[in-house]
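Peer 1: predicted model and sequence follow; I will ask about them next.
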Amino acid sequence: MTNIVLNLVVLAVVAGATAWTLRRHRAGPLLWTAAVMVLLTLVFDTIMIAVGLYTYAPDKILGIYLAGAPLEDFAYPLAAVLLLPAVWTWVGDGRRRRHAGGQS
């Protein structure tokens, strides 16, 4: 399995699991966060690859690079942008339910 297939499967699962929850959030902050995360990934992955901290097997990636970072690396920050606010909401909803019910 190539990295892009794995990334697409993970992104689909994360998007499916978080879609209902994220509908309650405004899109603007999520899009800005995604843009910042992609930019940081672009800069720091390019640096880490350039200095030789890690390499990729050519048969596992598409070979499409943005600056020096392979396209597949951008799935991780996008998954984080979807997953973290959803988990934060789930945890917060659970705390509100516990406190509303008189439990500690």
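Peer 2: Structure's in. What do you need?

Peer 1: list the contacts of Leu6.
Peer 2: For Leu6, the contact set (Cβ atoms under 8 Å, 6 or more residues apart in numbering) is empty. Every residue, glycine included, has its C-beta placed from N, CA and C.

Peer 1: that one belongs to a helix?
Peer 2: Yes. Under DSSP: H, G, I helix; E, B strand; the rest coil, Leu6 sits within a helix.

Peer 1: assign a three-state SS to Tyr54, would you?
Peer 2: Tyr54 carries the three-state label coil when classified by three-state DSSP.

Peer 1: wait, doesn't it sit right on Met48?
Peer 2: Yes. With contact defined as Cβ atoms under 8 Å, Tyr54 counts as touching Met48 (6.4 Å).

Peer 1: between the two, who's got more neighbours?
Peer 2: For Tyr54 versus Met48, neighbours defined as other Cβ atoms under 10 Å are more numerous around Met48 (14 against 8).

Peer 1: hmm, who's touching the helix or strand encompassing that one?
Peer 2: Met48 is located in helix 27-50, with elements delineated by DSSP states H and E. Helix 27-50 has contacts (Cβ under 8 Å, 6+ apart) with 22, 54-55, 66-70, 73-74, 76-78, 80-82, 85.

Peer 1: enumerate the positions of it that are buried.
Peer 2: Of the residues in helix 27-50, Ala34, Met37, Val38, Thr41, Leu42, Asp45, Thr46, Ile49 count as buried by neighbour count, 16 or more other Cβ atoms under 10 Å.

Peer 1: for stretch 60-76, same thing?
Peer 2: Neighbour counts over stretch 60-76 (16+ other Cβ under 10 Å) mark Ile61, Ala69, Pro70, Glu72, Asp73, Phe74, Ala75 as buried.

Peer 1: return the member of those nearest to Thr89.
Peer 2: When the buried residues of stretch 60-76 are ranked by distance to Thr89 (Cβ to Cβ), Ala75 comes first, at 21.9 Å.

Peer 1: what residues are up against that closest one?
Peer 2: Contacts of Ala75 by Cβ under 8 Å, 6+ apart are Asn7, Leu8, Val10, Leu11.
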